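Asks: The following comprises the amino acid sequence and a computationally predicted model.
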Amino acid sequence: MAFPTDANPRLLAWQILRRWSPEGTYAEDMVDFAAEKHRLSAPNRGLLNAIVMAVLRHRTLLDAWIDFLRDGGSLEDDAREWLRTGLAQLHIMGLADHAAVNETVSLAGRARGLVNAVLRRSLREKERIFDVRRDAPAHIRHSLPLFLVEGWQRQFGAEAVELLGEWMNTPAPVFVRINRLKPEAKQIIPALTGAVYSSIEGWYEVPSPPRQELADGLCYAQDPSTGMAPALLAAAPGQAVLDACAAPGGKTAILAQDMQNSGILIASDTSAKRLERLRSNMARMGATVVDPMLMDWERSPEPLPFRQRFRSGFDRILLDVPCSNTGVLRRRVDARWRLQPSFFSSIAKTQQALLRRMLELLKPGGRLVYSTCSIEPQENDLLIRAVLHEMPGWRMLEDQWMLPHRDRTDGAYAALIERNRLEQLTE
């Protein structure tokens, strides 16, 4: 499907949403591609992104509204997507009625009459559609997979599910972390227009990404929750440290900062493209201690030079494993629609394999932090306890959770594991 020549952001949004699928390209990448292809102005790019993300965040609720407003019945996919985009503009984003209705209707082609009738009815019956949202089950009200909501209800309770649902459907603010490897950043970043201290040392919420300061490496855009795992690892100058799933390097940069660029910091990843991005990020941040390495720890043996170089093992290892992303659904909007109940048993095999392998690479007395951006026990404490039950030479010293409904930050988990000082590495 070709993009239009006039690059209307509403039409671009509709086209992206018609092409999007849970198994396909991430919506964020589709928005970026369209915006760059058509050289959209900042306001039009913002509108495009806002419409696409609003529809994806509230997809199930929007369909419930459509069914109510049409009294059921079949509907062509093209018309349904126009109704989703129009209702999202009116009742999620709060755009002006005349602009949302008139511009959406004018673009809807053969579905123009239907779209006009449904959107105008939604305005006349606004209170009733809000009643539909209030009375709907939680998985419809918050547009989340039913199995995920049921799991959260068992784990956290019904009140927490409401808070989680609201959190996951609220667009995330921009946070930046001061890069202490560049001393001038301590004065420059707090002085940014609109910068607000986040209550976590070194992090500030800002109205928009500070492009020049990011380009100069004075800060790095990342949520404060990402600092929990590196803080727990407590890497120190002169140590041998491995960041096993490192790209694009947000946590790697924190490790380099903690090490004061002194020691050895191997940053590995399975993707050459992502590793190039890490190299670029580390160069900009002044993280000179970082040594990038292309490696698939789940499937490949260590190269002989690596094995010889680190024969005695690592002092510290950060293992930020692939996960379900259930703690960061407000940022990774597609992720909720990619999840299936079978996903957790599948990803657990990868998580367990990576954890077992990394534990073997620790020195006696060395420490590893296992981390995720998931709030699911089966990916976190339950998985670790199961692995350590089979590996008596290692023990979990402590673990920490960040929970959105409790801590008002993205969800994350980190566990600190130590190798017995009497253990010897396998030859």
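Replies: Yep, that arrived. Residues are numbered from 1 along each chain as shown.
Asks: care to break this protein down by domain?
Replies: Here the domain assignment for the chain is 9-136, 137-170, 173-222, 224-419, based on automatic domain parsing.
Asks: and those, which is most packed in?
Replies: domain 224-419 (a mean of 19; mean count of other C-beta atoms under 10 Å). Using the backbone N, CA and C atoms, a C-beta is placed for each residue, glycine as well.
Asks: returning to that earlier point: make a markdown table from the domains of the chain and add mean pLDDT to it.
Replies: Converted to a markdown table, these look like this (pLDDT from 0 to 100):
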| stretch | mean pLDDT |
| --- | --- |
| domain 9-136 | 95 |
| domain 137-170 | 97 |
| domain 173-222 | 96 |
| domain 224-419 | 96 |
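Asks: Strands of the stretch 301-427 of the chain, start to end?
Replies: Under the criterion DSSP state E, counting those that start in this stretch, the stretch 301-427 of the chain contains strands at 314-320, 362-372, 394-402, 412-419.
Asks: Next, format those as JSON lines and append distance to Ile384.
Replies: Output for the strands of the stretch 301-427 of the chain, formatted as JSON lines (distance: least, C-beta to C-beta, whole Å):
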{"stretch": "strand 314-320", "distance to Ile384": "11"}
{"stretch": "strand 362-372", "distance to Ile384": "6"}
{"stretch": "strand 394-402", "distance to Ile384": "6"}
{"stretch": "strand 412-419", "distance to Ile384": "5"}
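Asks: And those: which comes nearest Gly327?
Replies: Nearest to Gly327, of all these, is strand 412-419, at 5.5 Å by C-beta to C-beta.
Asks: I'd like to check the angle between the closest one and strand 394-402, please.
Replies: 160 degrees (axes from the mean of the first three to the mean of the last three C-alpha atoms, to 10 degrees).
Asks: report the angle between the axes of the longest helix seen in the chain and strand 412-419?
Replies: Looking across the chain with DSSP state H, the single longest helix is helix 341-360. Counting by the same axes, to 10 degrees, helix 341-360 lies at 30 degrees to strand 412-419.
Asks: how distant is helix 341-360 from the center of its chain?
Replies: Relative to its parent chain, helix 341-360 has a centroid offset of 19 Å by C-alpha atoms, centre = their mean, to the nearest Å.
Asks: Show me the contact partners of it.
Replies: Under the contact criterion C-beta atoms under 8 Å, 6 or more residues apart in numbering, helix 341-360 has outside partners 147, 242, 244-245, 297-298, 317, 319, 321-324, 368, 370, 372, 376, 378-379, 383-384, 386-387, 391, 394, 417, 419, 425-426.
Asks: ok, Met93 - contacts?
Replies: Ala50, Ile51, Ala54.
Asks: Out of those residues, which comes closest to Trp152?
Replies: The shortest gap between Trp152 and any of the contacts of Met93 belongs to Ala54, at 22.4 Å (C-beta to C-beta).
Asks: contacting residues around Asn49?
Replies: Shown in contact with Asn49 (C-beta under 8 Å, 6+ apart): Val31, Ala35.
Asks: List the ones among the contacts of helix 341-360 that fall in helices.
Replies: Per DSSP H, the contacts of helix 341-360 map to helices at Phe147, Leu383, Ile384, Ala386, Val387.
Asks: Please report how far the closest residue in space to the third one that isn't next to it in sequence lies from Leu397.
Replies: To tie it back to what came earlier, the one meant is Ile384. Distances taken as C-beta to C-beta, 6 or more residues apart in numbering place Ala415 nearest to Ile384, at 5.3 Å, with adjacent residues excluded. Distance, Ala415 to Leu397, using C-beta to C-beta, to the nearest Å: 8 Å.
Asks: Could you do Ile375 as well?
Replies: With distances taken as C-beta to C-beta, Ile375 is found 21 Å from Leu397.
Asks: Name the surrounding residues that touch stretch 94-110.
Replies: Residues from elsewhere that reach stretch 94-110 (C-beta under 8 Å, 6+ apart): 8, 10-11, 14, 78-79, 82, 85-86, 89-90, 112, 114-116, 119-120, 123.
Asks: let me fix that: stretch 305-323
Replies: Applying C-beta under 8 Å, 6+ apart, the contact partners of stretch 305-323 are 229-230, 233-235, 239-246, 251, 255, 266, 293, 347, 350-351, 354-355, 358, 361-364, 366-374, 379, 425.
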